[in-house]
Structure formats: structure tokens, C-alpha cells
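Q: Attaching a predicted model along with its sequence, questions to come.
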Amino acid sequence: MDSQELKPTLSLGYLPNGQQSSNGHHMTPPPPHQEQNGTIHMPLADASLSSSLQQVSSLRNNSMTPSPTQNPLELMGSAGDASLQTSTSRVSREGSVVRAFTPVSRAPKRKKDSMIGSPHGRSRESSFRPVPTRNNTATPPQSPHQLTFHSMSQSQHSLPQSSLMPSPSPQVVFSHISSDNSQTASNLLASLQNGNHENQQSAHQTAREYDGNPPSDVAARRAQVRAWGNQPLAMVDPALWKIMEEEKVRQWRGIELIASENFTSQAVIEALGSHLTNKYSEGLPGCRYYGGNKYIDMIENLCIQRALQAFHLDPKEWGVNVQPYSCTSANFAVYTALLQPKDRIMGLDVPSGGHVSHGYYTASGKKVSGASIFFESLPFKVNPQTGLIDFETLEKFAMNYRPKILICGGSSYPREWDYARFREIANKCGAVLMCDMAHISGLIAARECANPFDYCDVVTSTTHKSLRGPRGGMIFYRKGTKSKRGISGFGAGVSGSVAENLYDFEDKINFAVHPSLQGGPHNNHIAALAVALKQVASPEYQEYMRQVKKNAQALAAALIRRGCVLVTGGTDNHLILWDVRNRGLTGNRLEKVCEMCHITLNKNAVFGDSSALAPGGVRIGTPAMTSRGCIEADFEVIANFLMKAVQIAESVQSEHGKLQKDFTKGLQNNKDIVELRNSVEKFAAQFEMPGFEISHAKGGQ
């Protein structure tokens, strides 16, 4: 590298004369994170040259001050773009990196007074940093996907670590450098003078350029930036795209029986993958921290309106928050909104069909849920003979324990919920009655099962199971005047002042969702949920949910005819809990065999299980295959497939032993598994896939 190439420059990725370096890559001084405490460490060839310090520093600072006529579109880079890296041998400059794609580091030290007025405790002043002018006549930078590091020297591969302290007006300090370096203070001074003169000229040139159409070099630079980010996934990341396509084929050629999964519609997928993911919108409609949310507010308000309509609710009596990222997040938001740490809750025990987010802990006392960690929990259980909720024992425990929140709802309870009985117990013990309807929300919307909104104070739900929406959560809460029927927050009766007779859930729950637990909402998810809720309100969806229920009952009957043991002896909703302990199997072994045959279901605890690692049952649901068009006769075929999987598991366990490693070894290259998998794939491939195109996969058969 000659002496001309070693001259520092104020422009980003350019040499002072606007040429590229000899290896074809733009050369630039190290980025601004080389500055330390507002100082640029610059090597000095000779101690006698220290007299140039003041002049160089003055020119350096002048060059960093934007001209009042400079167009903002031309201002790129940062105040430290000309900083030089200290070296004991020579000035080293790194490969060019387009700073438009480099996040600005934030200062870790914040003054207390700088946080005043910011709802996030974040300094508004620290969000801004001076932007220098740049040489408009220099060679345009390469876009990130054009940068290649193969021909760079080793020193250019090693980028310096980023500093957290931006320095808008750095000083220049010279340090000793060996005499073989051809860089001198005169070179530095001439370069700075040249850069400053060119920057002053570029301000006037820029003003003329933007009076009309942009010149060719500006258009070229714009095109380079636009090219980054506008390529399809298959081109940008073919490795990931290939995996995603394989998952698409797996979904199409397999039988999906996981009760909590479903196939959403193409319209929902379009909204979910839209430009709405770009927008930040912390807060609620009409009260956002960020600007530019006019249309985001319209979308969220539409989603709220459709959520209330889908469940036939009066907006004067019910409100809903559609921002939770999941139902577990929604549940925890309710707890933190209405409880203090260590307050008491009661929910259905997981082996009895409950969910871990309702305060579950193991028999040994290990707390595995945030609800059980931060709050005190006493789970209630089902009757071991019937598999149904034991309300007499529940009431006795509730009156002694006095929970602040009583939770109904679960993840593997196949029967109807007696919400009226729960309401009675909640009123007696003074608890808020909360329902987690995550699994059965679609049936509730279609009026195919009992309605928790008639009795509960708060109702939470996922949005992707039977609702066929995107993955997320919702919180419904009562508002307005408390009911004279005794439905009231914390069991308080209708008496006293007007304020005491009004529900106070709305503000508490909204605040718990944001800012207490979450940041900005996922606007693409909210839009996709609005689409799904519109579909939920349609007659076609109601017919779909009726078929889901019919299919579950048909599958349950088919399994019972084949000698299978179902918890509670059947189902009233979309799921079946199958106890396989009478076959000498565990749920995880049957799950493994089914997975190898392209049937997906999940192992699940059943009442009386002694180990969570080897549960005695599997859970089966019908929504996903109903979404693909299956009816009762098709689930008769599926029941046959499931029984063949059971027979394979029994045979392998008998031949290879009960140790898990021996069982797994026996499944390898098993001809019965191959035969069953071929039958399953042939059966599943005849059904269309909602939501995405499978013509490419079909062509590969």
C-alpha cells in the first residue's frame, strides 16, 4: 500500500481522491467505536510534529459540522468516522462497512436528570448523535451483500470491538509510531484539508441535485441500498428455505393429531407475514408512545371489535386486550394485575388435565411455573374413579385456602366445565373466577359447548388452536357495573359507593400487559388475529367446529371398540386423553413410534402418574385434520393406524426390552414402521393443505 492510500479521510469507505484501494475493496478508518473518552489515538511519526495538533484538531472538528445547506439525505456515517487505530508499526485501516446497516451503540452511563420525561427511563438525548457531512463526489460504497472478505488481508478481517460511548467531537492525540511508517502529520493535515474543502463544496452541489431528478450516482447508491432486503428467502437463505420446505412436506404427508395445533388460512398467513411487523406501537390505540400509528390503531380497534363479536359479547360489559404474546403470558398478566406476590391461586392439577401456567409444581415440591414461583398455589384434582372434577373436595379446599383467583379450564380435560358450580364456590371463598379457554375457545365461539362468559370475571385464550389464528393470546375482562348475581371482583357484593360497584379490571390488566410484562405489540399478529376472528364469526366456521366435535367423538368411539382406555370414557370437546398403561406402554414410547410413522400426537400425564418423564397417556385432537377435510369415516382409518402403532410398540418392547435405549434401537430399520409410514403418507396426501401451496411437494412424489 503506497503513502497515498494510507492517508486518512473523513468519508466512509473512500480514499481522499475518491479511488478504491488496490485490492478492490473500499478502505476506511476504523469506525467510531475506536474513540475512547472522546479522544482519537493517532500515531505520530516524529515528536517534532506535535505542533500540528491544534491545527489538525481544528480542521477535524470543522469537518464534522454539517453545513446548513447540506441535505439530510446526504448525511451518513457518524462523528467518529475518521478515527484511527493505534498501532506500533503502521496505520491500520479496516474493510469498508456500510454504516447504514450498523446499529448505533448506546451509552451505558445515564444521568438521572436525562431520564426525566421518558416513560421508559431512557434518555431522549442519548437517542441522537451528530451526523457528519460526507464527500459527495467519492465512489459509492458497496452494499453489504456485495462485500467479500476473501481477498482482504488478515488485519482487515479483525474488526475492532464496539464502544458504548459515542463521541460527537473527538480530540486528536498523537502517539509514537516507528520511523518506517511513511504516514506523516503533513499527510494527515493535507488529507483533512482536502476532505473539509470537498465537504463544503458538496453541500451546495447537493442542494442543486435535489431541485430535480437525482443524479446517476445518487440513484445508483439508492439502488444498492434497496437491493439489500428485497430478495426472496430462497435466494437469501437457501439452507433455511430448504428446511422450511421439508417441514411443509412433513405437514402435508403426515397425520396431525396434536390437540393444540391447527392449520391456519392463507389470509391469516398473508397478514402475519406483512409489513406491519415493521411498526413499533407501545401502548393502546389512541395512547401510543411512538408516532405514526394511525393505521395501527385502526387495525387493533378492528381486532378488539371482532373479538367481542366472535364471542357474542356486549362491549359495554366486556373489554379485551389482544396484545399478549401467548395464553401463558395472558395468564401471568392477569395474576400480576390482580394479585400481590405470594397471594393464593387455585387451578386444576396438570395430571388431572390442567396447565402448568395455573400454578403447577411437582409432587416433590419443585415449582416449574412462574405462577407457582411468584404466587402460592393449591391445585385441585379430578376424582380418580371418574376422571371428572371433584367439586366437593374443591369447595372444601377453597374455603380453607381462600384463593384470590380460582381458575377453571385446562389443556387435557375432555369434558364440559360446570361454570355455574365454579361461580358458586368463587363467591363463597371471595375469589375472582378466571377461565382459561385456550383449547375450547373455538367451540365456545361456535356455541358448541358451555359458555364461561356467563359466569366468569376474566377469560383468557390462545388464538391459534381451535380458533385457527396466529400464535398469541387474549384477555377478556368484565367492565361496568358489577352483576347483582354475585359475579364481582374478589367476591365483593353489590353495595357501597358507585365506585365500589364498578369492575376495576380494565386498567389493571392493560397496565400488566404493557408496560409491566411486554414491550411493543406484534402488529402483524394482531392484524392476522383480526382476519381469523372475522372467519370465526362466519357460518362456515360454526359448521367446521361442529365437525371437529363429531370427529372427536367418532375417533373416541373407534378406539373404545378396539379395547382402548380413554380418561372419562369419551369426550365432549375436540380432544381425547388415551391411557395406554393397560398395554404396558408409556406415552413417550407410543409418541415416538407414531412420529416415525408420520403421525404426530403428544405424550400426556394422566391421573395417578408417578413420573412426569414417562407419562401414562397420549393426547389426541381432531381440529387439524378436520381443517384438511377429514370427516368421521376418515377418523375410523386413523384409529386403525393408531392401533397398528400400538402393536409395533408392544412388539419392539417385547423383543428388545423396556430400557429406553433398547426400545429406541429396536425401532431402527423396522419394516413394520416403514410399511405403516407408507400407508399413512398415502392416506394423508389425498387431503389438501389450507394456507399454503403444495404443488411443488406433489411434483416430488
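A: Ah, there it is.

Q: what's the helix or strand for residue 252?
A: helix 238-253 (DSSP states H and E).

Q: Quick one: list the elements packing against that helix.
A: Using 3 or more CB pairs under 8 Å, 6 or more residues apart in numbering; DSSP states H and E as the contact test, the elements touching helix 238-253 are helix 233-236, helix 671-684, helix 695-699. C-beta: built from backbone N, CA, C; applies to glycine.

Q: And the ones you listed, which one averages the lowest pLDDT?
A: Among the helices and strands packed on helix 238-253, helix 695-699 has the lowest mean pLDDT, at a mean of 62.

Q: Work out for me the element residue 619 sits within.
A: Secondary structure from DSSP H and E places residue 619 in strand 617-621.

Q: cool, and residue 302?
A: Using DSSP H and E, residue 302 sits within helix 294-310.

Q: Tell me which of the helices and strands packed on helix 238-253 sits most buried.
A: Sort the helices and strands packed on helix 238-253 by mean neighbour count, taking mean count of other CB atoms under 10 Å, and helix 671-684 sits at the top with a mean of 16.

Q: what's the closest residue to residue 656 other than its chain neighbours sitting at in phi/psi?
A: Spatial nearest neighbour of residue 656, excluding adjacent residues (CB to CB, 6 or more residues apart in numbering): residue 666 at 3.5 Å. Backbone torsions for residue 666, taken as degrees, to the nearest 10, come to phi -70, psi -20.

Q: measure residue 666 to residue 586 for me?
A: 15 Å (CB to CB, to the nearest Å).

Q: Which one's more surrounded, those two?
A: Between residue 666 and residue 586, counting by other CB atoms under 10 Å, residue 586 is the more crowded of the two (25 against 18).

Q: Show the contacting residues for the residue nearest to the more buried one when sequence neighbours are not counted.
A: Leaving out its chain neighbours, the residue that sits closest to residue 586 by CB to CB, 6+ apart is residue 614, at 4.4 Å. Residue 614 makes contacts with 586-588, as judged by CB atoms under 8 Å, 6 or more residues apart in numbering.

Q: Quickly run through the sheet partners of the strand holding residue 619, with directions.
A: strand 575-579 (antiparallel), strand 602-604 (antiparallel) (DSSP bridges).

Q: ok, residues contacting the helix holding residue 302?
A: 276, 279, 281, 284-286, 288, 314-315, 318-320, 322-323, 445, 474, 476, 521, 523, 526-527, 529-530, 533-534, 536-537.

Q: again with stretch 440-448
A: 310-312, 409, 437, 449-453, 461-462, 465-468, 536-537, 541-542, 544-546, 548-549, 573-574, 623.

Q: and that stretch, what's its mean pLDDT?
A: For stretch 440-448, the mean pLDDT works out to 98.

Q: do the same with stretch 478-490
A: 67.

Q: Can you report how many residues neighbour residue 222?
A: Neighbours around residue 222, by other CB under 10 Å: 13.

Q: And for the one 4 residues further on?
A: For residue 226, the tally of surrounding residues (other CB under 10 Å) stands at 10.

Q: and the end-to-end length of stretch 474-483?
A: The first and last residues of stretch 474-483 sit 23 Å apart, counting by CA to CA, to the nearest Å.

Q: Equivalent analysis for stretch 652-665, please.
A: Across stretch 652-665, the terminal residues are separated by 9 Å (CA to CA).

Q: got a list of contacts for that stretch?
A: In contact with stretch 652-665 (CB under 8 Å, 6+ apart) are residues 584-585, 589, 592-593, 666-667, 670.

Q: give me that answer again for 6 Å
A: The contact list for stretch 652-665 (CB atoms under 6 Å, 6 or more residues apart in numbering) reads 666-667.

Q: that older thread, quick one: which of the contacts of residue 614 is nearest to residue 606?
A: The shortest approach to residue 606 among these belongs to residue 587, at 8.1 Å (CB to CB).

Q: Next, find the distance separating the closest one from residue 573.
A: 20 Å.

Q: Next up, phi/psi of the residue lying closest to residue 323 once chain neighbours are set aside, please.
A: Using CB to CB, 6+ apart and skipping the chain neighbours, the partner closest in space to residue 323 is residue 521 (4.1 Å). Phi and psi for residue 521, reported as degrees, to the nearest 10, are phi -70, psi 160.

Q: Quick one, grab the pLDDT at residue 521.
A: Reported pLDDT for residue 521: 97.

Q: Share the number of residues neighbouring it, please.
A: With other CB under 10 Å as criterion, residue 521 counts 24.

Q: Distance to residue 421 and pLDDT added to the contacts of residue 614, as a markdown table?
A: Shown next, in a markdown table, are the contacts of residue 614 (distance: CB to CB, whole Å; pLDDT from 0 to 100):
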| residue | distance to residue 421 | pLDDT |
| --- | --- | --- |
| 586 | 34 | 94 |
| 587 | 30 | 95 |
| 588 | 35 | 94 |
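
Q: can you tell me which of the contacts of helix 294-310 are in helices?
A: Cross-referencing those against helices under DSSP state H gives 445, 523, 526-527, 529-530, 533-534, 536.

Q: Select, from those residues, the two members most distant in space.
A: 445 and 523, at 23.2 Å, using CB to CB across these.

Q: Please determine how far residue 240 is located from residue 219.
A: Counting by CB to CB, the separation of residue 240 from residue 219 is 32 Å.

Q: got it, and residue 277?
A: Counting by CB to CB - residue 277 and residue 219 are separated by 28 Å.

Q: again with residue 646
A: In this view, residue 646 and residue 219 are 67 Å apart by CB to CB.

Q: Same question for residue 500.
A: 67 Å.

Q: ok so, going back, which members of the contacts of residue 614 occur in helices, if any?
A: The helices, defined by DSSP H, take in 587-588 from the contacts of residue 614.

Q: Turn the contacts of residue 614 into TSV, columns for distance to residue 556.
A: Output for the contacts of residue 614, formatted as TSV (distance: CB to CB, whole Å):
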residue	distance to residue 556
586	21
587	17
588	22
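
Q: Closest to residue 511 out of the contacts of residue 614?
A: Nearest to residue 511 among the contacts of residue 614, counting by CB to CB, is residue 587 at 40.5 Å.

Q: export stretch 567-579 as CSV, just CAs?
A: What follows is stretch 567-579, C-alpha atoms only, in CSV (Å, rounded to 0.1, in the frame of the first residue of the first chain):
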residue,chain,number,x,y,z
VAL,A,567,-59.9,-41.0,30.5
THR,A,568,-63.6,-40.2,31.5
GLY,A,569,-64.7,-42.8,28.9
GLY,A,570,-65.0,-40.3,26.0
THR,A,571,-65.1,-36.6,25.1
ASP,A,572,-67.4,-33.6,25.0
ASN,A,573,-65.0,-31.4,23.0
HIS,A,574,-62.1,-31.7,20.5
LEU,A,575,-59.7,-33.8,22.4
ILE,A,576,-59.2,-37.3,23.7
LEU,A,577,-56.9,-38.4,26.6
TRP,A,578,-55.8,-42.0,26.0
ASP,A,579,-54.5,-44.0,28.9
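
Q: mind listing what's buried in it?
A: For stretch 567-579, the neighbour count (16 or more other CB atoms under 10 Å) marks 567-568, 571-579 as buried.

Q: Which two among these are spaced furthest apart?
A: Spatially, the most separated pair among the buried residues of stretch 567-579 is 574 and 579, at 18.4 Å (CB to CB).

Q: Might you list the low-confidence residue ranges for the stretch 401-550 of the chain?
A: 484-499 (pLDDT under 70).

Q: try 50 this time
A: 488-495 (pLDDT under 50).

Q: how about the strands of it, start to end?
A: Assigned by DSSP state E, counting those that start in this stretch, the stretch 401-550 of the chain shows strands spanning 405-408, 432-436, 458-462, 473-478.

Q: can you put these in TSV and add mean neighbour count and distance to residue 348?
A: Formatted as TSV, those follow (neighbours: other CB atoms under 10 Å; distance: least, CB to CB, whole Å):
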stretch	mean neighbour count	distance to residue 348
strand 405-408	29	7
strand 432-436	26	9
strand 458-462	28	14
strand 473-478	26	19
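
Q: I'd like these laid out as JSON lines, including distance to residue 337.
A: Below are the strands of the stretch 401-550 of the chain laid out as JSON lines (distance: least, CB to CB, whole Å):
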{"stretch": "strand 405-408", "distance to residue 337": "10"}
{"stretch": "strand 432-436", "distance to residue 337": "10"}
{"stretch": "strand 458-462", "distance to residue 337": "9"}
{"stretch": "strand 473-478", "distance to residue 337": "9"}
